[in-house]
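In: Quick check, what structure comes out for this input:
(2 chains, ligands or ions: 2)
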Amino acid sequence: MATMTYREALKQGLRSALQEDPKVFLMGEDVGRYGGAFAVSKGLLEEFGPERIMDVPLSESGFTGAGIGAALGGMKPIVEIMTINFSLLALDQIVNNAATLLHMSGGQINVPLVIRISCGIGRQLAAQHSHSWEPIFAHIPGLNVVSAGSHEDAAWMLHFAMKSPDPVVIIEYTGLLNTEGEVPATPPEGGLQKAKVRKEGSDISVITYGSGVPKTMEAASELAAEEGIQAEVLDLRCLRPLDEASVLASVRKTHRALIVEDAWRSVSISSEISARIMENAFYDLDAPVERLCGLEVPIPYPKHLEEASVPQKDEIKARIKKMLS
Amino acid sequence: MKENTAGERSNQIGLLFQMMRIRRFEEKAAEMYSKSKIRGFLHLYIGEEAVAAGLISQLKPEDRILATYREHGHALARGIPAGEIMAEMYGMSEGCSKGRGGSMHLFDVKRNFFGGNAIVASHLPLATGLALSTKKQGKTDVTVCFFGEGAMAEGEFHEAMNLAALWQVPLLMVCENNRYAMGTAMQFTHANQDIESKGRAYGMESATVDGMDVLKVRAAGEKALDYIRSTGKPYFLVCNTYRFRAHSMFDAELYRDKSEVEAWKKNDPILKLRQDLERQYQFSESEMKALESACEKEVTEAVQFAEAGSPEPAETLMQFVVSGPPDPGAEAEKSSTIKS
Ligand SMILES: Cc1ncc(C[n+]2csc(CCOP(=O)(O)OP(=O)(O)O)c2C)c(N)n1
Ligand SMILES: [Mg+2]
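Out: Ligands and ions are numbered 1, 2, ... in the order given. Predicted coordinates for the structure are as follows:
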């Protein structure tokens, strides 16, 4: 175990992937000379050279498609899309090629491509730069979509993703970059696709992912200390395919479920989780499933409005208390 | 070269003043950023002022402007009050976008200023469409679209250019070539660095101008606009310029030498015009002082206006998502019939 920032954890993950296999290369806007838009890849150009740390022009569709092509040709590309806000420009390539070629070709073509995308709200970047679009990617069959809500996953998710024969989208969180956390020295359990209980509890299951994980963890620990409430926090980690078994196991234990996410509420990850609980564990519930999600508004610039747009720690605490009262 | 007339003298002093007020405004914005009054991204235009000042001075009020996230200069040159821009960056409801947009999303539709777009190149197709609407309605205004050389690698640049040329719409496409897209220099972005040729490739009338010289920009703008107004066709203008500051407030500038920046600062467009004016028109120290204090006053008042602003209450958060109720479909249902 070592303590490091989320940014450092991401960088270590990248560095070991590059060290492990000479076919691995990173390409993205400003990953090299600029040092990475968020300084994640800072120093890697000097360490691995411009053939393996490739700055690309502003052309998200072009370089993502080229990443798919390079994967078809036997390379192991890691494509970085600077932020999720620009990912729609690449979405055609991701949906119609990366996610589809295996099926369309009758199983002939694998796309072992990893796409890293940073995501999240909280830096007052206004509507076009504050999206939480995990649900868009999670909608697409053929993809693995994982969400790094912990330092452990920031460091190790890429390791698992590089072993996948199919495309993996890794969503990382700019809001966590400067936070410190524990990173194990060897690959943690859970692989690519398993959800993980981050805090055991018996009173309620709080199911979340990504940026929801740290604030839910804080809310749960404070409630334990202040009120003796034992909330179980389940970090989904993988948004496609969903680890339904872990969700159901937790709900069957606590009989209550709250789902927390920053993404817009309608047609979201929480909608899907809620439906799966209804379909499979309805009779295990003591109360209706509840959700705390992003309000359905383009994110405004001012701090107080931005904060009001997504669930905050105090809101999570209040909702848990209400559900248990 | 324009004649040495009193009119030309005051026109040039006007351009100087325009560039100076943009510079002073942005220096103040950077100061307010470091005091955390302004947050989010802040992209400064310092060094590039001649482009906005030179071109926007040639426009009529009905002409439309679209710009990037580096648009404080364009907004000021267009006549959006400095106070409303500062208030926007403070996130106040008195801001030109009611505080919702911040620095990257300045909008003022009554002044035909259509933003402030922060997804690189995403406003280019909009500009083609605005110009198309002008053509379809038989109007005479011109749409002017500003973007960086980095944006020209995006598919949307090529799609918008092709459509504009195909449809022959009254559009001025202005590439503000400051040689860098964030930290990626032109030579790592464009296989063919003859930027202007990319306009000609679409059959568009194209030109390049020294974007550090406001008089040359003005002349190039005049020529381009004359062409567009007389033919109704699009025009591609490349302005070669340079940003003196970092890409945004988060940039450590690892990708360029300080000496390169210093060398470009010798071409400071404000300095150059001031020296020209002194040589040609006996522009005096006291006239310069007067412009400086006018800028200072405007910027000070802008900050006061922003400081006195009122944040929107959180209860209004959900405003401006959609325009209804009532359901426009229900209204249409009552009034329409399908003609057979
Ligand atoms: C589609 C998209 N991709 C990436 C970004 C991140 N980004 C913002 S500005 C920028 C550089 C743009 O360079 P250029 O077009 O030359 O304009 P400049 O900033 O130099 O004025 C990048 C990569 C973005 N905002 N939108
Ligand atoms: Mg540029």
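In: If you drop the residues flanking it in sequence, what lies closest to the residue of the stretch 151-300 of chain A found nearest chain B?
Out: Nearest residue of the stretch 151-300 of chain A to chain B: A:Pro300, at 4.5 Å (Cβ to the nearest Cβ). Backbone N, C-alpha and C define where each C-beta goes, glycine included. Of all residues not flanking A:Pro300 in the chain, B:Arg100 sits nearest, at 4.5 Å (Cβ to Cβ, 6 or more residues apart in numbering or on different chains).
In: Looks to me like the residue of the stretch 151-300 of chain A closest to chain B is in a helix.
Out: No: assigned with DSSP: H, G, I helix; E, B strand; the rest coil, A:Pro300 falls outside any helix and is coil.
In: how near is B:Lys339 to chain A?
Out: Separation of B:Lys339 from chain A (Cβ to the nearest Cβ, to the nearest Å): 37 Å.
In: same question but for B:Glu296, I mixed them up
Out: Remark: distance between B:Glu296 and chain A (Cβ to the nearest Cβ) = 27 Å.
In: What residues sit buried inside the one helix or strand that residue maps to?
Out: Using DSSP states H and E, B:Glu296 sits within helix B:285-307. Residues of helix B:285-307 classed as buried by neighbour count (16 or more other Cβ atoms under 10 Å in any protein chain shown): B:Glu287, B:Met288, B:Leu291, B:Cys295, B:Glu298, B:Val299, B:Ala302, B:Val303, B:Phe305, B:Ala306.
In: now swap in stretch A:98-113 and tell me
Out: Buried-residue list, stretch A:98-113, by 16+ other Cβ under 10 Å: A:Ala98, A:Ala99, A:Thr100, A:Leu101, A:Leu102, A:Val111, A:Pro112, A:Leu113.
In: That one - what's its average pLDDT?
Out: What stretch A:98-113 shows for mean pLDDT is 98.
In: Pull the residues that contact that stretch.
Out: Under the criterion Cβ atoms under 8 Å, 6 or more residues apart in numbering or on different chains, residues A:64, A:67-68, A:71-72, A:76-77, A:79, A:97, A:115, A:140-143, A:164-168 lie in contact with stretch A:98-113.
In: contacting residues around the longest strand seen in chain A?
Out: If you go by DSSP state E, chain A has its longest strand at strand A:257-264. If you take Cβ under 8 Å, 6+ apart as the criterion, strand A:257-264 is touched by A:120-121, A:132-135, A:204-212, A:215-216, A:250-251, A:268-270, A:273-274, A:277, A:285, A:289-296, A:310-311, A:316, A:319-320, A:323.
In: go again using 6 Å as the cut-off
Out: If you take Cβ atoms under 6 Å, 6 or more residues apart in numbering or on different chains as the criterion, strand A:257-264 is touched by A:121, A:132, A:134-135, A:205-208, A:211-212, A:216, A:251, A:269-270, A:273, A:277, A:289-294, A:296, A:310-311, A:316.
In: if we can go back for a sec, now, of the contacts of stretch A:98-113, which are buried?
Out: Among the contacts of stretch A:98-113, those classed as buried by 16+ other Cβ under 10 Å are A:64, A:67-68, A:71, A:76-77, A:79, A:97, A:115, A:140, A:142-143, A:164, A:166-168.
In: among the residues you listed, which are in strands?
Out: Counting by DSSP E, these contribute A:Lys76, A:Pro77, A:Val79, A:Ile115, A:Val168 to strands.
In: helix or strand for B:Val144, which one?
Out: Taking DSSP H and E as the criterion, B:Val144 maps to strand B:143-148.
In: For that strand, what does the pLDDT average out to?
Out: 98.
In: I'd like to know how many residues surround A:Ile53.
Out: Using other Cβ atoms under 10 Å in any protein chain shown, the number of residues around A:Ile53 comes to 23.
In: so A:Pro57 touches B:Gly155, yeah?
Out: No: using Cβ atoms under 6 Å, A:Pro57 is not in contact with B:Gly155; the gap is 10.9 Å.
In: Residues in contact with both of these two, list them for me.
Out: Overlap of the contact sets of A:Pro57 and B:Gly155 (by Cβ under 6 Å, 6+ apart) is empty.
In: coming back round to it: of the buried residues of stretch A:98-113, closest to chain B?
Out: Comparing the buried residues of stretch A:98-113 against chain B with Cβ to the nearest Cβ picks out A:Ala98 as the nearest, at 17.6 Å.
In: Return the backbone torsion pair for the residue nearest to that closest one when sequence neighbours are not counted.
Out: Distance criterion Cβ to Cβ, 6+ apart; nearest residue to A:Ala98, sequence neighbours excluded, is A:Pro167 at 4.3 Å. Dihedral pair for A:Pro167: phi -60, psi 140, per degrees, to the nearest 10.
In: can you pull the contacts of A:Pro167?
Out: A:Ala98, A:Val111, A:Leu113, A:Leu143.
In: Paired strands for the strand holding B:Val144, with orientation please.
Out: Here strand B:143-148 has these sheet partners by DSSP bridges: strand B:64-68 (parallel), strand B:171-177 (parallel).
In: Could you find the closest non-adjacent residue to whichever residue of chain B sits closest to ligand 1?
Out: With Cβ to the nearest ligand atom, the shortest gap between chain B and ligand 1 falls at B:Gly148, namely 2.2 Å. Leaving aside its sequence neighbours, B:Gly148 sits nearest to B:Glu176 (Cβ to Cβ, 6+ apart; 5.6 Å).
In: wouldn't B:Arg24 be in contact with B:Glu298 here?
Out: No: between B:Arg24 and B:Glu298 there is no contact under Cβ under 6 Å: 7.7 Å.
In: picking up where we left off before, which neighbouring residues are in contact with the residue nearest to B:Gly148, exactly?
Out: B:Glu176 makes contacts with B:Val51, B:Phe146, B:Gly148, B:Cys239, B:Thr241, as judged by Cβ under 6 Å, 6+ apart.
In: I'd like the distance between it and B:Asp251.
Out: Using Cβ to Cβ, to the nearest Å, we find B:Glu176 at a distance of 17 Å from B:Asp251.
In: Against ligand 2, how distant is A:Ala126?
Out: 21 Å (Cβ to the ion, to the nearest Å).
In: what's the answer for A:Glu200, then?
Out: From A:Glu200 over to ligand 2 the distance is 52 Å, taken as Cβ to the ion.
In: which parts of the stretch 1-150 of chain B sit against ligand 2?
Out: Residues of the stretch 1-150 of chain B lying near ligand 2 by Cβ under 5 Å from the ion: B:Gly148, B:Glu149, B:Gly150.
In: Closest one of those to chain A?
Out: B:Gly150 (4.9 Å).
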